[in-house]
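Peer 1: Dropping a prediction and its sequence here:
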Amino acid sequence: MISIRHLSKTFQDPDGSTFTVLKDVNADIGKGEVISIIGPSGTGKSTLLRALNMLEPPTGGEIWFDGENIMAKGYPLDKMRRKMGMVFQGFNLFEHKTVLENVIYAPMELLHFSEAQAKEEAMELLKKVGMAQKADVYPSSLSGGQKQRVAIARSLAMHPEVILFDEPTSALDPTMVGEVLSVIRQLAKDGLTMLIVTHEMRFARDVSTRIFFMNEGIIYEDGTPQQIFGNPVHSATKAFVNRIQKLVYEIDSDEFDYLQIHTGIIRFCIKYNLSDKAEPAYALVKEMLFTHLRKYRPMTLRMTHAELSGETSLDFMVEGLTASPLPAGALDGLCAKTRGVIEEPTARGFRVKLLL
């Protein structure tokens, strides 16, 4: 259905400097797929959607839609836009038109529907998104979630083959997110092809057939939700989907500031609602640094917490080793105080990981 080849987009600032947002994007999207596009802010997710709809004309590459290169000179963009709908994070409803008038406007103007036909279909769509009772009101009297549901109905009124959702919940109050996601879930069940830029990780995992993780202006990783969320290939993907928070200390000698480490662990645990793990974590750090690993320097101490999985751990990385630095008998004692101990060689040395 859609084939993207070597797509790039560079913006130019007034001072003449340039900034490349999309570097070399390649992807194939089949009919009926629901693809969530995730990644850190500023990595080109929204720009990719706007480029697909030619709202931001790409700098280079090709976009093929239904067998035609829509970037070819002279291609009629209206033809593509009749089949490729878009839902914006800011709703973009006509404030001077009622809900019903917003939905019937494009079908009457572009598809040449009669007013009766347009209204009949519009009411069915408004019923589908739970907004039929608001048909005669103006957008100013609607909540953010209601406006977004009207925007979805308006897009559906054009009978699109694919809909692009640009962070459809980012402008909403948290209490209204669920009502919009519920509508999108139903569209996915109906088999509509969708590309969704979202920060709702659980929603992306549940509703998608594929996930694009974007980073540094490219599709960094592409896979099923099970692959991306369960077994990602790249460490950047893993850190993002798990929302891994880190506290890191480089310990170069025995003169390190252990009180600073203690304070840092306490603050880290309070910040991420791990207060019950603060003192046990520091007790383990003291045991490792002053007893089991006392003779090993330099060393990297890292405390991590994965928000999605809830896993918290302490990592002790000793550089230059090829075998475990733990003395005989230490492993059993550590296992009794933790949920588990992982010992593994790395490119830098050897790591001991304590699961809290």
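Peer 2: Okay, I see it.
Peer 1: In the stretch 151-300 of the chain, where is pLDDT below threshold?
Peer 2: Counting by pLDDT under 70, the stretch 151-300 of the chain contains no low-confidence segment.
Peer 1: And the helices in it?
Peer 2: 177-189, 201-207, 225, 235-241, 258-271, 275-287 (DSSP state H, counting those that start in this stretch).
Peer 1: Tell me which of those helices lies nearest to residue 44.
Peer 2: Minimum separation from residue 44 across the helices of the stretch 151-300 of the chain (C-beta to C-beta) falls at helix 235-241, 14.4 Å. Just so you know, the C-beta spots here come from the backbone N, C-alpha and C atoms, and that holds for glycine as well.
Peer 1: Residues contacting that closest one, please?
Peer 2: 38-40, 201, 213, 215, 220-221, 228-229, 232, 244, 308 (C-beta atoms under 8 Å, 6 or more residues apart in numbering).
Peer 1: repeat that for 10 Å
Peer 2: 38-40, 43, 201, 204-205, 211, 213-216, 220-221, 223, 225, 227-232, 234, 244-246, 304, 306-309 (C-beta atoms under 10 Å, 6 or more residues apart in numbering).
Peer 1: Please state the offset of stretch 193-201 from the chain centre?
Peer 2: The chain centre lies 7 Å from the centre of stretch 193-201; the measure is C-alpha atoms, centre = their mean, to the nearest Å.
Peer 1: Could you tell me the end-to-end distance of that stretch?
Peer 2: End-to-end distance for stretch 193-201, by C-alpha to C-alpha, to the nearest Å: 19 Å.
Peer 1: sorry, back to before: make CSV out of the helices of the stretch 151-300 of the chain and add distance to residue 329.
Peer 2: Formatted as CSV, those follow (distance: least, C-beta to C-beta, whole Å):
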stretch, distance to residue 329
helix 177-189, 52
helix 201-207, 42
helix 225, 43
helix 235-241, 33
helix 258-271, 24
helix 275-287, 13
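Peer 1: Spatially central residue for the protein, please.
Peer 2: Residue closest to the average C-alpha location in the chain (C-alpha atoms, centre = their mean): residue 38, at 2.6 Å.
Peer 1: Out of the helices of the stretch 151-300 of the chain, which is closest to residue 14?
Peer 2: Comparing the helices of the stretch 151-300 of the chain by C-beta to C-beta, helix 235-241 comes nearest, at 32.2 Å.
Peer 1: So which bits of the closest one are buried?
Peer 2: 236, 237, 238, 239, 240, 241 (16 or more other C-beta atoms under 10 Å).
Peer 1: how close does the first one sit to residue 39?
Peer 2: Relative to residue 39, residue 236 is positioned 9 Å away (C-beta to C-beta, to the nearest Å).
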